[in-house]
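# Here is the input, now give the coordinates:
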Amino acid sequence: MRVLVISDVHANLTALDEVLADAVNMEWQGRTGFDAIWSLGDIVGYGPWPNECIQRLQQFTDHLRVAGNHDWAALGRLDVEEFNREARKMVLWTQQQLDPASLAYLRGLPDRPLLHEAFTITHASPRQPVWEYINNGSVARENSGYFDTPYCLVGHTHVPRIYRLTPGAEPAQVACTVYGPVYDRDISLTGPHSLIINPGSVGQPRDNDPRASYALLDVEQALWRYRRVRYDVEITQAAMRKAGLPERLIVRLAYGW
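Model (predicted):
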């Protein structure tokens, strides 16, 4: 099975559509397209098209998804004081935009990690599925005991990364090696280790690269491929300005931070 792995769409329909088109048309291992979508949370928040992004993903019948912190916040399940000033504004704005169908969709998102064969799927971390940031080797190592599958897929940081966790001589000793993404090359996931893997963000990258980030996964062969796709950032920015959204959030899209 070939899976399109996405995270942190953040209501950026322009970026999402480019990712979907790229994944549909990309030839990999002798064929094009994908069989399923795994969405790692934060479909809404920050961007100007929360309902439209939900509707787009609902078009795919084989769509595994989990809840992110912005998805929860849009439902009032997180205190907005947990967010910075601009993010709080976006939470309140998103709450006002969501239609009944979108609210029902968000309410149905699981808030616990999901399992699919060798993969654990969650938003933030297996230890704290909605909120914790795995942004360095130390935090990744602390999470090693919270999933039992060989591989754990996470989002939340908006930065594509692979954390390789290798057991040490003692049960409590785990070594962690951090890898940045290598694009358009097959990455074999197999080995005497477990992996925490982040595909990066579709709608709001934060690794100084404004292109939408996603990955393709061959489940049976345990092969991973990172992809970056350019999208028309100015279209998203124009829609955000029209809606009166915070200027800093608009500007940052062009720089990927």
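
# Tell me where the stretch 101-250 of the chain has strands.
For the stretch 101-250 of the chain, the strands defined by DSSP state E, counting those that start in this stretch occupy 114-116, 119-121, 151-153, 161-167, 174-179, 187-188, 194-198, 212-218, 223-229.

# can you tell me which of the ones you listed comes nearest to residue 136?
Closest approach to residue 136 among the strands of the stretch 101-250 of the chain is made by strand 174-179 (7.3 Å; CB to CB). The C-beta positions use only the backbone N, C-alpha and C, and glycine is treated the same way.

# Need the strands of the stretch 101-250 of the chain in a markdown table (columns: mean pLDDT).
Listed next are these as a markdown table, based on pLDDT from 0 to 100:
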| stretch | mean pLDDT |
| --- | --- |
| strand 114-116 | 97 |
| strand 119-121 | 98 |
| strand 151-153 | 98 |
| strand 161-167 | 96 |
| strand 174-179 | 96 |
| strand 187-188 | 98 |
| strand 194-198 | 98 |
| strand 212-218 | 98 |
| strand 223-229 | 98 |
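
# could I get those strands as CSV with distance to residue 100 and mean neighbour count?
Formatted as CSV, these follow (distance: least, CB to CB, whole Å; neighbours: other CB atoms under 10 Å):
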stretch, distance to residue 100, mean neighbour count
strand 114-116, 25, 15
strand 119-121, 27, 24
strand 151-153, 30, 25
strand 161-167, 37, 19
strand 174-179, 43, 15
strand 187-188, 41, 14
strand 194-198, 32, 24
strand 212-218, 29, 25
strand 223-229, 32, 20
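
# Looking at those, spot the one closest to residue 133.
Comparing the strands of the stretch 101-250 of the chain under CB to CB, the one sitting nearest is strand 194-198, at 10.3 Å.

# Switch the strands of the stretch 101-250 of the chain over to CSV, and while doing so, append distance to residue 6 to every line.
Conversion of the strands of the stretch 101-250 of the chain to CSV gives the following (distance: least, CB to CB, whole Å):
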stretch, distance to residue 6
strand 114-116, 15
strand 119-121, 12
strand 151-153, 10
strand 161-167, 16
strand 174-179, 20
strand 187-188, 17
strand 194-198, 11
strand 212-218, 5
strand 223-229, 10
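
# Check the burial of residue 247 by counting its neighbours.
Residue 247 has 12 neighbours, counted by other CB atoms under 10 Å.

# Find the nearest non-adjacent residue to it, please.
Once flanking residues are discounted, residue 247 sits nearest to residue 241: 7.9 Å by CB to CB, 6 or more residues apart in numbering.

# Correct me if wrong: the one you found contacts residue 249.
No: using CB atoms under 8 Å, residue 241 makes no contact with residue 249, being 10.5 Å away.

# Looking at those two, which is more packed in?
Taking neighbours as other CB under 10 Å, residue 241 and residue 249 compare with residue 249 leading, 18 against 12.
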